[in-house]
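*Asks:* Got a predicted structure plus its sequence, pasted below:
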Amino acid sequence: MNLKMEDYGSRIAIYIESDGSDKPELKLISRDAERYEETKRQIGIQTERLNEDHPAVEAIEQAFNSFYNHGATNGELQWVSRGSGNNFIARFWSNKPKTLKAMIEATLRRLIQSDSKRFKGVKGGAMAEARKVATKAFEAIEKSYRPSTIEEPEPYKVAV
C-alpha cells in the first residue's frame, strides 16, 4: 500500500494506492455472506467477484478508517480507480498537522499493542518512538503526486 500527497497549501489530498496485492488487516465476514457463498458453491453457481469484494478495496478502506478514527479527516473516501488495470486508488482530504498527528497516534497504538513491556520505565515511553517512526513515514510520502499549482475545486454533490 502506498500513500501519496497533493499539496494545495492549507489542505492536502492523501491518495491511498494498491496494486491489488494488499490484504486487509482484519477480515470481517458476516455469517449471512458465508452462508450465501456456501449455498452458491453447493448448487454450482460461479460468478465473478465484484471489485468491491477485492481484498485491496478492504485494505484501502481500513487504512482510510484509521486516518478517520485518528482525526485526520472528517470527509469521505473518494474512489479514483476501483480495479481498472488492477490498480486501486482512493483519496481523502486533510491537512498536514492532522495527518501527521493521526499517523503518530496509529503508530503509538501499534507499538503499545505489539510490545508494551519494552516501553515501561522509558522516558517518554512509546510516544517518543511513535513520533520518530510516524514522522519518518510522513516525510516518505511522495509529495507531488501530480503537479498542481491551482487549487482543485471542492467536488459538489447532487441530490437525485
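*Replies:* Cool, the structure landed.
*Asks:* Could you report the neighbour count for residue 132?
*Replies:* A count of nearby residues for residue 132, using other CB atoms under 10 Å, gives 12. To be clear about C-beta, it is placed using only N, CA and C from the backbone, and glycine gets the same treatment.
*Asks:* go on, residue 124?
*Replies:* 10.
*Asks:* Where do the helices of the protein begin and end?
*Replies:* Here the chain has its helices, by DSSP state H, at 31-43, 55-69, 96-115, 125-139.
*Asks:* Flag every buried residue along the second one.
*Replies:* Looking back up the chat, that one is helix 55-69. 56, 57, 58, 59, 60, 61, 62, 63, 64, 66, 67, 68 (16 or more other CB atoms under 10 Å).
*Asks:* I'd assumed residue 74 was in contact with the last one.
*Replies:* To tie it back to what came earlier, the one meant is residue 68. Yes - judged on CB atoms under 8 Å, residue 68 makes contact with residue 74 at a distance of 7.4 Å.
*Asks:* if we can go back for a sec, quick one: closest of the helices of the chain to residue 10.
*Replies:* Nearest to residue 10 among the helices of the chain is helix 96-115 (9.3 Å), distances taken as CB to CB.
*Asks:* for the chain, which spans come out with low pLDDT?
*Replies:* Applying pLDDT under 70 to the chain picks out residues 24-52, 85, 144-160.
*Asks:* nearest to residue 20, of the helices of the chain?
*Replies:* From the helices of the chain, taking CB to CB, the stretch that ends up closest is helix 55-69, at 5.0 Å.
*Asks:* Mind telling me which residue is nearest the centre of the protein?
*Replies:* Central residue of the chain (CA atoms, centre = their mean): residue 63, 2.2 Å from the mean position.
*Asks:* and that residue, what does it touch?
*Replies:* Contacts for residue 63 were tallied using CB atoms under 8 Å, 6 or more residues apart in numbering; they are 1, 16.
*Asks:* Mind listing what's buried along stretch 133-145?
*Replies:* For stretch 133-145, by 16+ other CB under 10 Å, it's 133, 134, 138, 141, 145.
*Asks:* Next one: the residue nearest to the third one when sequence neighbours are not counted from residue 122, what distance?
*Replies:* In space, residue 138 comes closest to residue 100 once its chain neighbours are excluded; the distance is 5.0 Å by CB to CB, 6 or more residues apart in numbering. As defined by CB to CB, to the nearest Å, residue 100 lies at a distance of 22 Å from residue 122.
*Asks:* Thanks again, I'm all set now.
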